[in-house]
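[1] Would you be able to build a 3D model of this:
(one chain, ligands or ions: 1)
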Amino acid sequence: MTDAKVLNDWPQPYRLMDAQPYWEALADEQLTFQRCADCEQAVWPAHSVCTHCGSAGLSWEQSSGRGTIYSYSTILRGPTPVWSAIAPYTVGFVQMDEGYFLFTQIEGEPDGIEIGKEVSARFVQRGEQKLPVFALVTSGEEG
Ligand SMILES: [Zn+2]
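    Model (predicted):
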């Protein structure tokens, strides 16, 4: 199940127009999000207006790629062959240092993953798309 053919069959994300700059930045291994010029809140997922105050003054910023685990679930049996090939794997919400929440894959042994632990992003090629995945920050590692 781990042959190259299976791993090239990753389902590709559905791209909303509002998030097109996000996908383009990922191709350059940059993680981005929106911020409102009026209320200064981080906005994610991407929108055409601020979800906090309704302003249309949204701009794109680069994320530090760091955050903490807010919630997670470890999947023991993948729903499709490509996911089965990497099971067990963990997905969940990371509370980014900029204040928004990103649903993502969290790498590492399931026993080592805990709510509140620090994680940082790296980029992996999944089919035609680069995507961010997060790994635990080990002690002594500086961002
Ligand atoms: Zn706002």
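[2] Please state the backbone phi and psi of the one residue sitting closest to the centre of the chain?
    If you average the C-alpha coordinates of the chain and look for the closest C-alpha using C-alpha atoms, centre = their mean, you land on Thr104, 4.0 Å from that point. Note on Thr104: backbone dihedrals following degrees, to the nearest 10 are phi -160, psi 180.
[3] Just list whatever residues bridge to it.
    Under the criterion DSSP bridges, Thr104 forms beta bridges with Gly92.
[4] what's the residue lying closest to Lys117 once chain neighbours are set aside in contact with, if anything?
    For Lys117, the nearest residue in space outside its immediate sequence neighbours is Ile69; the separation is 5.2 Å by C-beta to C-beta, 6 or more residues apart in numbering. In short, each C-beta sits where N, CA and C put it, glycine included. Neighbouring residues of Ile69 by C-beta atoms under 8 Å, 6 or more residues apart in numbering: Gly92, Phe93, Val94, Gln95, Ile106, Ile113, Glu114, Ile115, Gly116, Lys117, Val119.
[5] run the last query once more with 7 Å
    If a contact means C-beta atoms under 7 Å, 6 or more residues apart in numbering, then Ile69 has Gly92, Val94, Ile106, Ile113, Glu114, Ile115, Gly116, Lys117, Val119 as its contacts.
[6] My guess is the residue nearest to the centre of the chain contacts Phe134. True?
    Yes: with contact defined as C-beta atoms under 7 Å, Thr104 counts as touching Phe134 (5.5 Å).
[7] Now do the shared contacts for the two.
    Between them, Thr104 and Phe134 share these contacting residues under C-beta under 7 Å, 6+ apart: Val94.
[8] How many residues are close by Gln62?
    In terms of burial, Gln62 registers 11 neighbours under the definition other C-beta atoms under 10 Å.
[9] quick one, what contacts it?
    For Gln62, the residues meeting the contact criterion (C-beta under 7 Å, 6+ apart) are Gln30, Thr32.
[10] For beta bridges, what are the partners of it?
    Applying DSSP bridges to Gln62 yields these beta-bridge partners: Thr32.
[11] Could you tell me the model confidence score at it?
    Per-residue confidence at Gln62 stands at 98 (pLDDT).
[12] Right, I'll leave it there.
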